[in-house]
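**Q** got a predicted structure plus its sequence, pasted below:
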Amino acid sequence: MTRKKFGPLAVAIIVFVGLLSGCGQNSSPNSNTANHDPANFYNQVQLNQTKDAVGSALGVTPESDDSYYNYIDQNTGFGVRITYNDSNQVTGKWFYALDSDLPQLRNATVTAEQAAAITEGMTYDEVTSMLGGEGMEFACVQNPSDNANPITMHVWINDDGTVLYVTFIGAKGTVASSKFFSK
């Protein structure tokens with residue numbers, strides 16, 4: 001089975017829009033309990049948390065992949081991909097999943113027209129109101145320009161596999177960019 005590496009995609013999108021401390025907790029639309037929540041591991045990690053604290057909280061040994069550490073929840077098959085700084089503190093986290101498990105994350109019915117209506121500077125509340133829901137926090141990285149406002153990315157995944165990515169400055173701040181991907 002191959003693993004879908006979301007970290008580089010999230011970083012590429014953030015860099016693409018010219019952007020490069022704890023992020024908001026993510027609630028998964030598919031969860032009943034923490035043990036079955038695809039975002040369980042992702043939600044337990046916060047920016048600036050130490051590597052030892054992450055290991056203690058998640059209770060698994062990470063797989064190392066270049067400068068990323070992948071922690072996989074054996075209960076769900078989902079996990080979190082993390083980068084650390086020289087002080088072993090979390091500087092970024094990305095949702096991580098097996099390719100075959102991605103269909104479980106479908107959480108929306110957004111259109112290309114809605115995506116096109118999202119503009120830079122819109123508030124998180126304006127976006128979620130327009131789309132009819134919060135989507136899923138997919139990535140959170142330190143903002144080198146403003147430590148108090150991390151860069152977060154939320155995704156809305158449709159049944160047909162199309163995905164809307166919206167990057168915010170701040171955990172529930174303002175839109176920096178949005179991109180609608182179709183198959």
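**A** Thanks, I have the structure now. Numbers count the residues shown, from 1 in each chain.
**Q** can you map out the helices along the protein?
**A** 6-16, 40-44, 51-58, 112-117, 124-131 (DSSP state H).
**Q** any idea which of these is most buried?
**A** Stretch with highest mean neighbour count among these: helix 40-44 (a mean of 24; mean count of other C-beta atoms under 10 Å). C-beta here means a position set from N, CA and C on the backbone, and glycine is covered the same way.
**Q** any idea of the mean pLDDT for it?
**A** Mean per-residue pLDDT for helix 40-44: 96.
**Q** correct me if wrong: residue 133 contacts residue 108.
**A** Yes: with contact defined as C-beta atoms under 8 Å, residue 133 and residue 108 form a contacting pair (6.4 Å).
**Q** ok so, going back, between the helices of the chain, which one is nearest to residue 93?
**A** helix 40-44 (6.5 Å; C-beta to C-beta).
**Q** what is the closest one packed up against?
**A** Helix 40-44 sits against helix 51-58, strand 79-84, strand 90-98, with contacts defined as 3 or more C-beta pairs under 8 Å, 6 or more residues apart in numbering; DSSP states H and E.
**Q** pull the CA atoms of it into CSV?
**A** Taking C-alpha atoms only, helix 40-44 is exported to CSV below (Å, rounded to 0.1, in the frame of the first residue of the first chain):
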residue,chain,number,x,y,z
ASN,A,40,-7.3,11.9,16.1
PHE,A,41,-3.5,12.1,15.8
TYR,A,42,-3.6,15.3,13.9
ASN,A,43,-5.7,17.0,16.6
GLN,A,44,-3.4,15.9,19.4
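**Q** returning to that earlier point: okay, residue 133 and residue 108: which has more neighbours?
**A** More crowded of residue 133 and residue 108, by other C-beta atoms under 10 Å: residue 108, with 22 against 14.
**Q** skip the chain neighbours and tell me the closest residue to the more buried one.
**A** residue 156 (3.6 Å; C-beta to C-beta, 6 or more residues apart in numbering).
**Q** and the one you found, how many neighbours?
**A** Using other C-beta under 10 Å: residue 156 sits among 26 other residues.
**Q** that one is in contact with residue 131, isn't it?
**A** Yes: here residue 156 reaches residue 131: they are 6.1 Å apart, a contact under C-beta under 8 Å.
**Q** which residues are in contact with both of these two?
**A** Common neighbours of residue 156 and residue 131 (criterion: C-beta atoms under 8 Å, 6 or more residues apart in numbering): 108, 110, 164.
**Q** list the contacts for residue 57?
**A** Applying C-beta under 8 Å, 6+ apart, the residues near residue 57 are 44-45, 49.
**Q** repeat that for residue 135.
**A** Counting by C-beta under 8 Å, 6+ apart, residue 135 has contacts 107-108, 128, 154-156, 164, 166.
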